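S.K.: Give me a model of this one.
(2 chains)
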Protein chains: 2
Amino acid sequence: MIYPRTLIQTSRSFATTARVHRHRVLAYCEPGSPSAVIRAITHRSLPAPAPGTLNLRILLAPVNPSDINVIQGVYPSKPTASAFPGISSELFVAGNEGVAEICALGSGTDGKGLSVGDWVIIAKSQSGTWSSARNVHLRDVIKLPRKQGVTVVHAATMTVNPPTAYNMLNDFVDLKPGDWVVQNAANSAVGQAVIQIAKAKQLKTVNLIRDRLGNEAERTKRELKDLGADLVCTYSTLTDKTKLSELKGFLGNKPIRLALNCVGGEVTTHMLKLLGPNAHLVSYGAMSKQPLSIPTSYFIFKGLTARGFWQSQWYENRSRDERIALLEKLTDIVASGYLKEPKHEIITISAEDTDDVATQKAQQLLSEVETGSPGRKVLLHIEDPVV
Amino acid sequence: MIYPRTLIQTSRSFATTARVHRHRVLAYCEPGSPSAVIRAITHRSLPAPAPGTLNLRILLAPVNPSDINVIQGVYPSKPTASAFPGISSELFVAGNEGVAEICALGSGTDGKGLSVGDWVIIAKSQSGTWSSARNVHLRDVIKLPRKQGVTVVHAATMTVNPPTAYNMLNDFVDLKPGDWVVQNAANSAVGQAVIQIAKAKQLKTVNLIRDRLGNEAERTKRELKDLGADLVCTYSTLTDKTKLSELKGFLGNKPIRLALNCVGGEVTTHMLKLLGPNAHLVSYGAMSKQPLSIPTSYFIFKGLTARGFWQSQWYENRSRDERIALLEKLTDIVASGYLKEPKHEIITISAEDTDDVATQKAQQLLSEVETGSPGRKVLLHIEDPVV
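M.R.: From the prediction side, this is the model:
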């Protein structure tokens, strides 16, 4: 189901006058299977914001694979427990990423360039964005630059995937226009962002996708080319001598110096065949659940450097000004038309849903996300309950 | 057989007056098994050196594992063929490392600080040091700094193993006195150099050795501790929970940031358990012939960087002045008593040996080196033939 754009627009248009009465969160007490442990819980309305804090209405919050891992308790980032009045145990509100609008400013937060009605990005990791409203510290939000073409979907998905793609293309190898980059899992959310941001930087991309896509492979190739992909091949190209040689011929004598990996295992080992000397292999995921297996000779004789990238760590290590600058750059790329909204579906937990119905909706959704790649980004729109 | 030190001394003492009549090389026409393809060949004496070149008497040249791989044709460094008068096919003279003394200076080489009788290091890769005499370009030698305690064995083994150890301890992580370094293959030639150079730099070392050393393990531990090792453990320590926890306890809360790897495979994967965040894994060999297998999470969440080190590449990338500075530092470490001669055996191809006898000696020696780790560095002392 694609959420009608008009609804979000409407929501925005009366946001400045809306009052938060009660609010709802998707939360859990103990780590476990998301489809089992997550519950919708309605609370009384947020009190007026304490000094230095803001009350926010969350507009949209994505369900990312890492959110699943956080709820499972297997992700290195741990959520902070929240205490809710009338609930004896501590609760973890799920959700890491999202866009919100400001409903109320606590004392000491004025004069910082923020007004009621502004859109902000939730900048603090594991803030519990799967909710209708949150109270947050001023330092934990960043105002979204208003630019033509930057939609609420862009805004809701702007702190994880596009910055991962942008930083991986910037932080490791000094690439010049015309240089090639190779990546696997090219059809993933980050993969698609890599294609588009690379295009904006006049870089060329070799994009590897799964063979088992079967008949869908042609459609996926077309879609990725529409996003700006220069070459799209399936993994088996790398193990077929003739095809590999053709591919190398196509790349010409420009050795590839950056490979991006979200798969691991053999697929990644074979990808190294495309690299020139002194290349970087940057890993940001391990979809195959297989370790990286790399012949030592790549390191010793071809000068390979293998590293990882984790956007959460990037945020930890960088200043607020660097975050703001990154958001400026990304919204510029959106505004210039290179970075499109990810394919997505918006799931609404509506104002009229009881907590039981809302819990059921959330658990069913998480079950789908847990068991398979949905092929689109799922975004939650949680309304304040009126029941 | 340990070559009596007095013989080398004697050789040196009349070197300045010695004339090169005929000379002998260990060479091969085609790559192959060293014990099959290597031949001793006697040639007429070297003519007076051409302008810009020097005639050298090779004093000692080690047999390194990489020499074996070069002769097999499986090493990335390729030798340059030499043409010898009276021999129709081109010949590759084996040997990469060694120390020589200057016998004659070609025109244009005086005033460069070199004199007949000086000891020089052969600085050009694959120069064919397994010979009694060579003619080389001035630029392909570096004068050995004369310092108390620097023996002919030190000098002969100064361009591969100690610089590998020194540079791996310097080029990757900014280590401070008291910091720990972990390495596998600790009993290898490089491993022993790492222990001693780390000690000279006030670094501490965890040294991993093979379990299958059996009864020899205790002796090896003692020997490595005598060289300056802080801790010596067998690989199985890393897969035994109790022992691993003890080891971690011993290291205290000082996370290890540098791991040196000459083995690959599982042994190296387990070694990563000892590393703290943002560590470097530097590989310089692959004794197990197994690829590196590293869970992607080390790269993404622990900030691991995996790289390689190849001393030949270091020489390629650096200036002559940097090489000279490196040799100064290494001979300083020798002179200060930290870096001992490697355990070694000197094999003499004597002046009286016919080429047939010399070939037999060389082939037998190489067969031993090829089939097993001799536990000591083998050095060749090839005399000018008088037969």
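
S.K.: was I right about residue A:340 contacting residue A:228?
M.R.: No: between residue A:340 and residue A:228 there is no contact under CB atoms under 8 Å: 9.7 Å. (Each C-beta comes from the backbone N, C-alpha and C, glycine too.)

S.K.: hey, what's in contact with both of the two?
M.R.: Taking CB atoms under 8 Å, 6 or more residues apart in numbering or on different chains as the criterion, residue A:340 and residue A:228 both touch residue A:196.

S.K.: the more surrounded of those two?
M.R.: Using other CB atoms under 10 Å in any protein chain shown, the more surrounded residue of residue A:340 and residue A:228 is residue A:228, with 21 against 17.

S.K.: Could you count how many residues lie near the nearest residue in space to that one that is not next to it in sequence?
M.R.: Leaving aside its chain neighbours, residue A:228 sits nearest to residue A:199 (3.4 Å; criterion: CB to CB, 6 or more residues apart in numbering or on different chains). Residue A:199: 18 surrounding residues under other CB under 10 Å.

S.K.: Confirm residue A:199 sits in a strand?
M.R.: No: counting by DSSP: H, G, I helix; E, B strand; the rest coil, residue A:199 is located in no strand; its state is helix.

S.K.: which residues sit in contact with it?
M.R.: So residue A:199 contacts A:205, A:227, A:228, A:338 (CB under 8 Å, 6+ apart).

S.K.: So which of those wins on neighbours?
M.R.: Busiest of the contacts of residue A:199 [other CB under 10 Å] is residue A:205, holding 25 neighbours.

S.K.: Run a quick neighbour tally on residue A:104.
M.R.: The local packing of residue A:104 (other CB under 10 Å) involves 19 other residues.

S.K.: Can you tell me how far it is from residue A:115?
M.R.: As judged by CB to CB, to the nearest Å, residue A:104 and residue A:115 stand 11 Å apart.

S.K.: Mutual contacts of these two, please.
M.R.: Counting by CB under 8 Å, 6+ apart, nothing touches both residue A:104 and residue A:115.

S.K.: Which part of the stretch 151-300 of chain A gets nearest to chain B, residue-wise?
M.R.: residue A:299 (2.9 Å; CB to the nearest CB).

S.K.: Run through the strands of the stretch 151-300 of chain A in chain order.
M.R.: For the stretch 151-300 of chain A, the strands defined by DSSP state E, counting those that start in this stretch occupy A:180-183, A:204-209, A:231-234, A:256-261, A:275-283, A:292-294.

S.K.: Report the mean per-residue pLDDT for the third one.
M.R.: I take that to be strand A:231-234. Mean per-residue pLDDT for strand A:231-234: 95.

S.K.: Buried by neighbour count: which residues of it qualify?
M.R.: Neighbour-count burial for strand A:231-234 flags A:231, A:232, A:233, A:234 (criterion: 16 or more other CB atoms under 10 Å in any protein chain shown).

S.K.: Could you tell me which residues of chain A lie near chain B?
M.R.: A:76, A:261, A:264, A:269, A:283-286, A:291-310, A:313 (CB under 8 Å from any CB of the partner chain).

S.K.: Could I have the buried ones of those residues as ChimeraX selection syntax?
M.R.: Buried residues within the residues of chain A next to chain B, by 16+ other CB under 10 Å, are selected in ChimeraX with:
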select /A:261,264,269,283,284,285,286,291,292,294,295,296,297,298,299,300,301,302,303,304,305,306,307,308,309,310,313
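
S.K.: Pull the distance from the helix or strand that contains residue A:24 to the chain's centre.
M.R.: Assessed by DSSP states H and E, residue A:24 sits inside strand A:22-28. Centre-to-centre, strand A:22-28 and its host chain are 22 Å apart (CA atoms, centre = their mean, to the nearest Å).

S.K.: Dump that strand to PDB, restricted to CA.
M.R.: The C-alpha atoms that make up strand A:22-28 are tabulated as PDB, following Å, rounded to 0.1, in the frame of the first residue of the first chain:
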ATOM      1  CA  ARG A  22      -2.400  11.100  24.000                       C
ATOM      2  CA  HIS A  23       0.400   9.300  22.200                       C
ATOM      3  CA  ARG A  24       1.300   5.800  21.100                       C
ATOM      4  CA  VAL A  25       4.600   3.900  21.000                       C
ATOM      5  CA  LEU A  26       5.700   0.600  19.600                       C
ATOM      6  CA  ALA A  27       7.800  -0.900  22.400                       C
ATOM      7  CA  TYR A  28       9.100  -4.000  24.000                       C
END
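
S.K.: elements contacting it?
M.R.: Strand A:22-28 makes packing contacts with strand A:39-44, strand A:92-93, helix A:355-371, strand A:377-382 when contacts are defined by 3 or more CB pairs under 8 Å, 6 or more residues apart in numbering or on different chains; DSSP states H and E.

S.K.: As CSV, those with mean neighbour count would be great.
M.R.: Formatted as CSV, the helices and strands packed on strand A:22-28 follow (neighbours: other CB atoms under 10 Å in any protein chain shown):
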stretch, mean neighbour count
strand A:39-44, 18
strand A:92-93, 22
helix A:355-371, 16
strand A:377-382, 23
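
S.K.: ok so, going back, find the nearest non-adjacent residue to the residue of the stretch 151-300 of chain A closest to chain B, please.
M.R.: Nearest to residue A:299 is residue B:308, by CB to CB, 6+ apart, at 2.9 Å.

S.K.: Contact partners for residue A:124?
M.R.: A:136, A:137, A:140.

S.K.: which one of those has the most neighbours?
M.R.: residue A:136 (21 neighbours).

S.K.: what about the helices in the stretch 1-150 of chain A?
M.R.: For the stretch 1-150 of chain A, the helices defined by DSSP state H, counting those that start in this stretch occupy A:5-13, A:34-37, A:65-72.

S.K.: Please tell me I have it right and residue A:231 contacts residue A:248.
M.R.: No: the criterion here is CB under 8 Å, and residue A:231 misses it with residue A:248 at 11.4 Å.

S.K.: Would you map the helices across the stretch 201-350 of chain A?
M.R.: Using DSSP H, counting those that start in this stretch, helices in the stretch 201-350 of chain A cover A:216-227, A:241-251, A:265-271, A:296-301, A:311-317, A:320-335.

S.K.: Please work out which of those is packed deepest.
M.R.: Of all these, helix A:296-301 carries the top mean neighbour count, a mean of 22, counting by mean count of other CB atoms under 10 Å in any protein chain shown.

S.K.: Residues contacting that helix, please?
M.R.: Contacts of helix A:296-301 (CB under 8 Å, 6+ apart): A:272, A:275, A:304-306, B:76, B:261, B:264, B:283-286, B:291-292, B:306-310, B:313.

S.K.: what about residue A:289, how many neighbours?
M.R.: Going by other CB under 10 Å, the residues that sit close to residue A:289 add up to 10.

S.K.: for residue A:353, phi and psi?
M.R.: phi -60, psi 140 (degrees, to the nearest 10).

S.K.: circling back: would you turn the helices and strands packed on strand A:22-28 into a markdown table with mean pLDDT?
M.R.: Compiled in a markdown table, the helices and strands packed on strand A:22-28 are given as follows (pLDDT from 0 to 100):
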| stretch | mean pLDDT |
| --- | --- |
| strand A:39-44 | 93 |
| strand A:92-93 | 96 |
| helix A:355-371 | 94 |
| strand A:377-382 | 96 |
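
S.K.: And for the residue of the stretch 1-150 of chain A found nearest chain B, nearest residue in space, chain neighbours not counted?
M.R.: Here the residue of the stretch 1-150 of chain A nearest chain B is residue A:76; by CB to the nearest CB that distance is 4.6 Å. Nearest residue to residue A:76 in three dimensions, chain neighbours excluded: residue B:301, at 4.6 Å (CB to CB, 6+ apart).

S.K.: between the buried residues of strand A:231-234, which is nearest residue A:210?
M.R.: Nearest to residue A:210 among the buried residues of strand A:231-234 is residue A:234, at 6.7 Å by CB to CB.

S.K.: Tell me who's in contact with that closest one.
M.R.: So residue A:234 contacts A:208, A:209, A:210, A:211, A:213, A:217 (CB under 8 Å, 6+ apart).
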